[in-house]
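With the input below, show me the fold.
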Amino acid sequence: MRYMPTGQYAEEMHGELEEGAGFDGINYWGVDPSGYPTLEKFEDAESDQAIETLLTDRWLRPGDLQGVTVVRSSPQDTVLRINERGSSLAESIDIDSHTWLPKSGSFRTHSGTVKIFLSGWSSVGGEKAPFHSVVNDGGALITRNFRRSSTSLVASRQAYVMPKKLPREASYDAALPPQVETRGLGGVVFVHPLINGRDVGWFILDSCAGSMMIDEKAADSLSLSKFGGTAVTGVGGTIVEPFRRASELELGPARMRNVLFCQMDASFLGDAFGRPIGGIVGSDVLKRFVVSIDVQRPSVAIYDRDVFRLRLGGAWEPLTFVDGDPAIEAAFDGNRHGLFHLDTGSIYPVTFESPFVKAAHLLANRRGASISATGFGGSASICFGKLDWLKLGGRRFSGINCGYSLTSSGALAMKDVIGVIGIPMMSSFNIVFDFGGNRVAFLPSA
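The predicted structure is shown next:
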């Protein structure tokens, strides 16, 4: 980990996982556990900023704070509430009243409370740094133990720029047709990959799955070993699941090696769809290839990003990634507009996030029946009604069955997007995702 007094930092983790994070002075960036680098915005960037603020004493630097409140003071400790400039997160810091060094900090995101514990403060180049820290993010623990320090080589600007080198574990077999085996079930699109050369069932193709997921029983049948763990946030909240590593995934012409899966219990999906579900194909595939989905047929095709060209008459629209998932600007009734996640794993046409439901008073004179939607982490309450219209892909849709989230945490309680556009709204299109190019195209369905 490297950092400068001006705020730049870069952190790298090598080994079973290839994670990282940084700030180059302008942009925040992250490297996911599979080794894929992306720029970060909104709450993702603010969360990284809040953690690194404590690890690097950035919160003490002049001009970085826009508000400080003393919450409690005693002979043992002093608790401050700070608001960093450019961030909407309020961070609580517990300071030891004897050493005047932070013992812990915490802040809240849509997925729950993040806690940071600090100790082993030592002098580094005239500053103090914690040589031991533990970050508890929804129950997933990240422990940092530093053994030595140096003040050399930290001033290079290039040391804080997002890595451009992509992992080399993906390849494309152009001798095979781009179309992959596809099935539509319950309005959701399924594909049929081979894991380590074996068939372990059908997988949901989910554009808002931040990682590849595999059912625990399927992983056990392949003898995939468990290691580590990560926090997975769904509609019902956040749970911690271990990683599983497969040597190979084949999906039509797409090949991936050393594939990192997050374990899941897919039994609730099996109950919903009436058959065993092997897992979820998520963003790791969508980042590395161009993926075309025609929901009506249904049909899925995978293309090589380096040679793919959009067919004549098609046009790309920009994607913004929020919490690692693709989002697009869309207009809706009242001539309002905002960012919506594009979620091929959602069976609801449109669902508004609870912070926007509350702020925009969307339930006034509109409340209908409500249900308990089941997903990762449990269930969430959703109320249903009618949305007058929404414009997507150059088309205006009227009289839409719409959900209004009533939950206070989880994937439907985000503040940086106002809603989720589900797969029923995409069924009029052949939708082409190019995650690596931060873009999407809405073509007429075949």
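
show me the contacts for the residue nearest the centre of the chain.
When CA atoms, centre = their mean is applied to the chain, the residue found nearest the centroid is Gly324 (3.0 Å). Going by CB atoms under 8 Å, 6 or more residues apart in numbering, Gly324 touches 32, 38, 44, 210, 283. Just so you know, the C-beta spots here come from the backbone N, C-alpha and C atoms, and that holds for glycine as well.

In a markdown table, list those along with secondary structure, neighbour count and distance to Thr53.
Output for the contacts of Gly324, formatted as a markdown table (DSSP: H, G, I helix; E, B strand; the rest coil; neighbours: other CB atoms under 10 Å; distance: CB to CB, whole Å):
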| residue | secondary structure | neighbour count | distance to Thr53 |
| --- | --- | --- | --- |
| Asp32 | coil | 20 | 22 |
| Thr38 | strand | 18 | 21 |
| Asp44 | helix | 21 | 15 |
| Gly210 | coil | 19 | 24 |
| Ser283 | helix | 24 | 28 |
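
Out of the residues you listed, which is nearest to Trp202?
Ser283 (18.7 Å; CB to CB).

Next one: the residue nearest to the centre of the chain from Trp389, what distance?
29 Å (CB to CB, to the nearest Å).

phi, psi of the residue nearest to the centre of the chain?
In terms of degrees, to the nearest 10, the main-chain angles of Gly324 are phi 80, psi 0.

rewinding a little: show me the two of the contacts of Gly324 that sit farthest apart.
Asp44 and Ser283 (13.5 Å).

circling back to that earlier point, let's see the pLDDT reported for the residue nearest to the centre of the chain.
Gly324 is assigned a predicted lDDT (pLDDT) of 89.

Enumerate the beta-bridge partners assigned to the closest residue to Leu310 other than its chain neighbours.
Spatially, and ignoring its direct neighbours in sequence, Leu310 is nearest to Ala441 (5.6 Å; CB to CB, 6 or more residues apart in numbering). Counting by DSSP bridges, Ala441 forms beta bridges with Trp316, Val432.

Surely Ala441 and Pro318 touch.
No - look at Ala441 against Pro318 with CB atoms under 8 Å: they stay out of range, at 11.0 Å.

Who has more neighbours out of the two?
Ala441 (19 against 11; other CB atoms under 10 Å).

Next, the contact list for the more buried one, please.
Here Ala441 is in contact with 310, 314-317, 431-432, 434 (CB under 8 Å, 6+ apart).

Please enumerate the helices of this protein.
42-55, 216-221, 267-273, 283-288, 354-359, 423-426 (DSSP state H).

quick check: mean pLDDT across the last one?
The predicted model gives helix 423-426 an average pLDDT of 94.

Which neighbouring elements make contact with it?
Helices and strands touching helix 423-426, as assessed by 3 or more CB pairs under 8 Å, 6 or more residues apart in numbering; DSSP states H and E, are absent.

State the distance from Ile423 to Gly410.
Ile423 is 20 Å from Gly410, by CB to CB.

next one: Gly197
For Gly197 relative to Gly410 (CB to CB), the value is 36 Å.

more crowded one of these two?
Set Gly197 next to Gly410 and count neighbours by other CB under 10 Å: Gly410 wins out with 24 against 10.

What is the burial count for Asp304?
17.

dump the residue contacts of the residue lying closest to Asn27 once chain neighbours are set aside.
Excluding its sequence neighbours, the residue lying closest to Asn27 (CB to CB, 6+ apart) is Leu39, at 5.5 Å. Residues in contact with Leu39, defined by CB under 8 Å, 6+ apart, are 27-29, 162, 321.

out of the residues you listed, which are buried?
Neighbour-count burial within the contacts of Leu39 applies to 28-29, 162, 321; the criterion is 16 or more other CB atoms under 10 Å.

Which ones among those residues lie within strands?
Under the assignment DSSP state E, the buried ones among the contacts of Leu39 contribute 28-29, 321 to strands.

Nearest to Tyr172 among those residues?
Lowest distance from Tyr172 to those (CB to CB) belongs to Phe321, with 22.8 Å.

any idea how far that closest one is from Leu390?
For Phe321, the distance to Leu390 - CB to CB - is 21 Å.

how far away is the nearest residue to Ser408 once chain neighbours are set aside from Ser74?
Leaving out its chain neighbours, the residue that sits closest to Ser408 by CB to CB, 6+ apart is Ser354, at 6.7 Å. According to CB to CB, Ser354 and Ser74 sit 36 Å apart.

what's the average pLDDT for stretch 65-82?
Here stretch 65-82 scores 90 as its mean pLDDT.

In that stretch, which residues are buried?
65, 77-80, 82.

can you name the two of those residues that are farthest apart?
Checking the buried residues of stretch 65-82 with CB to CB, the most distant pair is Leu65 and Asp77, at 19.5 Å.

Pull the contacting residues for the closest residue to Val154 other than its chain neighbours.
Spatial nearest neighbour of Val154, chain neighbours left out: Arg2 (5.1 Å); criterion: CB to CB, 6+ apart. For Arg2, the contact set (CB under 8 Å, 6+ apart) comprises 9-11, 153-154, 159-160.

That's all I had, so thanks and see you.
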